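Visitor: structure of the sequence below:
(2 chains)
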Amino acid sequence: MLRYIVRRLLILIPIVIGISFIVFAILSFTPGDPVMNIVGNGADEATYEAKREELGLNDPFLVRYINYMKNVFKGDLGKSWNYDTKVSGELGRTIPKTLILAITSVGLMLLIGMPIGIISAVKQYSIWDNLSMAAMLVLTSMPLFWLGLMLMLQFAVNIKWFPAAFPTEGLGTIKHWILPTVTCMASMMAALVRTTRSTMLEVIRSDYIRTAQAKGATERSVITRHALRNALLPVVTLVGLNFGLLMGGALVTEKVFGIYGVGYLLVNAVTSRDVPLVMGSILFVATCIGVVNLFVDVLYVYIDPRLRSEYVKIKIKSSKKLQI
Amino acid sequence: MTDIANSKVNKVEIKKRSQLKSVWFRYKKNKMAVAGLILLIILFIIAVSAPLIVPYEKVVEQSMKHRFIKPSSEYWFGTDEYGRDMFARIIWGARYSLSLGVGSIIISLIFGALVGAVSGYYGGRIDSTIMRLMDVLLAIPQTLMAICIVAALGQGVFNLLVAMSASTVPKFVRIVRSSVISLKGEEYIEAARACGTGDFRIIYKHVLPNVIGPIIVQATITMALTVLTISSLSFIGLGVPTPQPEWGTILSDNKAQMRYYPYLTTIPGIAILISVIAMNLIGDGLRDALDPKLKN
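Guide: Predicted coordinates:
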């Protein structure tokens, strides 16, 4: 298992490098002058050239990329062009907020979505099932930012339960997080409920569930002990995928509620052509997605012992090959 | 002799039609899916015939006298802060939102199907090179990718189209490739090859028509997502630039007035909601109709 994890982590490196290369290329080869943004339109030739030289923009593309990556491997993400602050510092300020948003919304999603999905499957075609499916359809079809705005209008502006604006400094209080969490959770939850429902439906019809029922196990224990565990795999994939994506910041949610998270940072950096800042955020996001995917794969083995035996098979096969 | 040949042709035609018919028959049974289809057709008719419903001048015509009029019999959806008729903007917005959604899906479908089919059909080094590239592209979240491209190319309808298509291509490549690989070993492909048919013709004539089912389903569902993403991009300020009436742009323009004139943000939101619901319903209906096994 450990060897598997190490191998996967090693595979992650070229993928992250590939992503960074593509983004660096997009930012470098497109029209527009980042230096002009920094020094301003009125600057004279000399300051302009000096700034260009300072940022290393006179070097060829590949040299710039390699220099950047060299520094990254030394642990230096560089300085933001626009703010003149350290990229690692900017990330350090934004990551906690994104992390809070990701954890709370994924947690809440599981807490609410799983039971809805399970009940929908167990009572298929009941009023409850139809209602929840209709609600989920509406949730997936709704633009997230619109839902955020509507929630804000209703709960923050009209009845003033929650504050509308997020504090610029610090992490705010629980009240600040409720509306963003609900908004962020909404669209993911629809996918979760549908997946849970359809996999549960498949599992419920299988022979071993009938056997368990025939043995006289209670409905509750059949569902929780036999069915749920087998229906969990696709759900884990989905949760992992969403969590990974959220680490890129829930762009829209952060924008609507004015939370200065990784997504907000990234959008600002991209629009102002702040290459070091974009690259730093992208590296962070890509690494997070990779690590979360790995974690999900490892989790599979713990949830489904059948997969463990497959690892053993692979091991036997590979060792046989070596002997030959 | 010709009779026999003719009857053969007829038979093939009848078979083809019956397969399509049976899909339609199964689709028809799903009432929600039919409702979605009708809804989308109506929306498309509105989008196509927008100039007949309201002239474009109404969309951009500003009038300070008629600011913030609540929805009434004269202004069905009210007016915004510049006195522009919201009804006209929403109707014309259908053009932008729907055509961008459909356009980007068609472009990415064509590219995705070509690249995916080549990758899956030839296998080997070509396949692994293409797929590693796609892995890297897929590892970047779609919205992020679109934002990067739009920011690089600059704001505008055409650039948005490019960004949305480019960011959905990897998804289609993957789906087409895996379907092609599962077909590659079939006898009829081998038979075609034995007849000396060229690779391109085999892909185009024999492979693609057989993998079209899952691709169409994915395309409708992705189209729904694309419409949502485009409106989000417009909201962030990277989508359709502001005087043009895309639904997301209209929402973004009016968010400052949300507090006092809620209809300005509610109506475009509902327009997006309805069109995306219609697409999702069609997608679900098609999936059930094309693959009855999947239906629970």
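
Visitor: please count neighbours and contacts with C-alpha atoms only from this point.
Guide: Fine.

Visitor: tell me which residue of the stretch 151-300 of chain A lies closest to chain B.
Guide: With Cα to the nearest Cα, the shortest gap between the stretch 151-300 of chain A and chain B falls at A:Thr271, namely 5.4 Å.

Visitor: helix or strand for the closest residue in space to that residue that isn't next to it in sequence, which one?
Guide: Beyond its immediate neighbours in the sequence, the residue positioned closest to A:Thr271 (Cα to Cα, 6 or more residues apart in numbering or on different chains) is B:Ala151, lying 5.4 Å away. Counting by DSSP states H and E, the secondary-structure element that holds B:Ala151 is helix B:142-153.

Visitor: what sits up against that helix?
Guide: Helix B:142-153 is touched from outside by A:23, A:26-27, A:30-31, A:267, A:270-271, B:159-160, B:163-164, B:166-168, B:229, B:233, B:238-239, with contacts defined as Cα atoms under 8 Å, 6 or more residues apart in numbering or on different chains.

Visitor: next secondary structure element downstream of that helix?
Guide: Next along the chain from helix B:142-153, counting by DSSP H and E, comes helix B:157-184.

Visitor: returning to that earlier point: count the neighbours of the residue of the stretch 151-300 of chain A closest to chain B for me.
Guide: Using other Cα atoms under 10 Å in any protein chain shown, A:Thr271 is surrounded by 17 other residues.

Visitor: if I read this right, B:Met86 contacts B:Phe77, doesn't it?
Guide: Yes - applying Cα atoms under 8 Å as the test, B:Met86 and B:Phe77 come out as touching, 5.3 Å apart.

Visitor: and residue 284, what helix or strand is that in?
Guide: If you meant another chain, say so; for now it's chain A. A:Phe284 belongs to helix A:275-303 when assigned by DSSP H and E.

Visitor: sorry, I should have been clearer: chain B.
Guide: Element membership for B:Asp284, per DSSP H and E: helix B:263-290.

Visitor: from the chain's centroid, how far away is that helix?
Guide: Its chain's average C-alpha position is 12 Å from that of helix B:263-290, according to Cα atoms, centre = their mean, to the nearest Å.

Visitor: show the average pLDDT along it.
Guide: Averaging pLDDT along helix B:263-290 yields 88.

Visitor: just for the stretch 1-150 of chain B, where's the confidence low?
Guide: Per-residue confidence for the stretch 1-150 of chain B (pLDDT under 70) gives these ranges: B:1-18.

Visitor: which single residue in it comes nearest to chain A?
Guide: Counting by Cα to the nearest Cα, the stretch 1-150 of chain B gets nearest to chain A through B:Val136 (5.8 Å).

Visitor: was I right about A:Val106 contacting A:Phe243?
Guide: Yes - the pair formed by A:Val106 and A:Phe243 meets the contact definition of Cα under 8 Å, at 6.8 Å.

Visitor: quick one: contacts for the spatially most central residue of chain B?
Guide: Nearest to the geometric centre of chain B sits B:Met223, at 3.0 Å (Cα atoms, centre = their mean). Contacts were defined as Cα under 8 Å, 6+ apart; by that measure B:Met223 touches B:101-102, B:105, B:279.

Visitor: any idea how far the residue of the stretch 1-150 of chain B closest to chain A is from A:Leu2?
Guide: 25 Å (Cα to Cα, to the nearest Å).

Visitor: which one of these two is surrounded by more residues?
Guide: Looking at B:Val136 and A:Leu2 with other Cα under 10 Å, you find the greater number of neighbours at B:Val136, namely 19 against 8.

Visitor: now do the same contact list for the more buried one.
Guide: Applying Cα under 8 Å, 6+ apart to B:Val136 gives the contacts A:15-16, A:18-19.

Visitor: take those residues and keep only those in strands.
Guide: Among these, no residue falls in strands (DSSP state E).

Visitor: how about the residues of the stretch 1-150 of chain A near chain B?
Guide: Taking Cα under 8 Å from any Cα of the partner chain, the part of the stretch 1-150 of chain A that reaches chain B is made up of A:15-16, A:18-19, A:23, A:26-27, A:30-31, A:137-138, A:141-146, A:149-150.

Visitor: which of those residues count as buried?
Guide: Buried members of the residues of the stretch 1-150 of chain A next to chain B, counted by 16 or more other Cα atoms under 10 Å in any protein chain shown: A:15-16, A:18-19, A:23, A:26-27, A:137-138, A:141-146, A:149-150.

Visitor: count of neighbours near A:Ser281?
Guide: A:Ser281 is flanked by 26 other residues according to other Cα under 10 Å.

Visitor: got a list of what it touches?
Guide: A:91, A:262, A:265-266.

Visitor: that one and A:Ser141: what is the separation?
Guide: As judged by Cα to Cα, A:Ser281 and A:Ser141 stand 29 Å apart.

Visitor: likewise A:Asp304?
Guide: With distances defined as Cα to Cα, the gap from A:Asp304 to A:Ser141 amounts to 33 Å.

Visitor: got a list of what B:Arg67 touches?
Guide: With contacts taken as Cα under 8 Å, 6+ apart, B:Arg67 has the following neighbours: B:79-84.
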